[in-house]
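>>> no sequence for this one, just the structure:
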């Protein structure tokens, strides 16, 4: 079990599009992620009830946003709701390798081959395969594993990748988003359920 450990703190915040965009706007103003995080922790930007919740959510959202390039951040701020959701999904996958691997190995492969809806059992099977090589997964309690699954499926629904019933939505990226991702990490286009011709196409 020598594989790098997975970061599992994504249960601390869902996709949270509006809050993430608000933090990105602060970064455009300040140019300092530490200041953005402090502002989020001390203010009411995140609309949470307790200071501990504000700190947890601010930390996770800032970590995610830091995964985006300047061009991607610009696209996040200028884009439509769908554009923003798609870019936040990319940021999440870059931050949390477990989610990226699920997107590539399960969601994308299911979309390309079978096209049948995702089920909770698909995550469980994926999880247990990974747990054979990752002690941090093998040691988690079932309730924590279910929480990881719940938050992940919620994120995918918010990002528009799946429906409430688990059907996989083919994603059509906006041209600005596509080009921003392609200019930063072209392979990350594969994090979406799209056909090979779509990932290779330049808008």
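Nice, I can see it. Keep in mind that this is a model prediction, so the values were computed, not measured.

>>> Model confidence for the nearest residue to residue 66 once chain neighbours are set aside, exactly?
Excluding its sequence neighbours, the residue lying closest to residue 66 (Cβ to Cβ, 6 or more residues apart in numbering) is residue 33, at 5.9 Å. Placement of C-beta: from N, CA and C, glycine included. Residue 33 is assigned 97 on the pLDDT scale.

>>> ok, residue 33 to residue 60 distance?
Noted for residue 33: a distance of 13 Å to residue 60, by Cβ to Cβ, to the nearest Å.

>>> So if I had to pick from the two, which one is more boxed in?
residue 60 (22 against 15; other Cβ atoms under 10 Å).

>>> List the buried residues of the strand or helix carrying the more buried one.
For residue 60, the element it lies in under DSSP states H and E is helix 51-65. For helix 51-65, a neighbour-count test (16 or more other Cβ atoms under 10 Å) marks 54-65 as buried.

>>> Stretch 89-97 now?
For stretch 89-97, burial by neighbour count (16+ other Cβ under 10 Å) applies to 89-96.

>>> same check, this time on stretch 119-126
For stretch 119-126, burial by neighbour count (16+ other Cβ under 10 Å) applies to 122-123, 126.

>>> just curious, which of those is nearest to residue 23?
Checking the buried residues of stretch 119-126 against residue 23 by Cβ to Cβ gives residue 123 as the nearest, at 28.2 Å.

>>> how about that closest one, secondary structure?
Recorded secondary structure, residue 123: helix (DSSP: H, G, I helix; E, B strand; the rest coil).

>>> and the lengthiest helix in the chain, what does it pack onto?
Ranked by number of residues, the top helix in the chain under DSSP state H is helix 142-158. Secondary-structure packing of helix 142-158 (3 or more Cβ pairs under 8 Å, 6 or more residues apart in numbering; DSSP states H and E): helix 81-95, helix 97-102, helix 120-131.

>>> Now distance to residue 166 too, for the ones you listed, in TSV please.
Output for these, formatted as TSV (distance: least, Cβ to Cβ, whole Å):
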stretch	distance to residue 166
helix 81-95	17
helix 97-102	14
helix 120-131	8
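
>>> Columns distance to residue 153 and mean pLDDT on top of those helices, output as a markdown table?
Supplementary listing: the helices and strands packed on helix 142-158 in a markdown table, determined by distance: least, Cβ to Cβ, whole Å; pLDDT from 0 to 100:
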| stretch | distance to residue 153 | mean pLDDT |
| --- | --- | --- |
| helix 81-95 | 13 | 98 |
| helix 97-102 | 10 | 98 |
| helix 120-131 | 7 | 97 |
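
>>> And these: which comes nearest residue 193?
Nearest to residue 193, of all those, is helix 81-95, at 11.0 Å by Cβ to Cβ.

>>> Show me what the helix or strand containing residue 29 is packed against.
Secondary structure from DSSP H and E places residue 29 in helix 17-30. Here helix 17-30 touches helix 33-42, helix 51-65, helix 70-78, helix 81-95, going by 3+ Cβ pairs under 8 Å, 6+ apart.

>>> I'd like the distance from the third one to the chain centre, please.
Shown here is helix 70-78, whose average C-alpha point lies 16 Å from the average C-alpha point of the whole chain (Cα atoms, centre = their mean, to the nearest Å).
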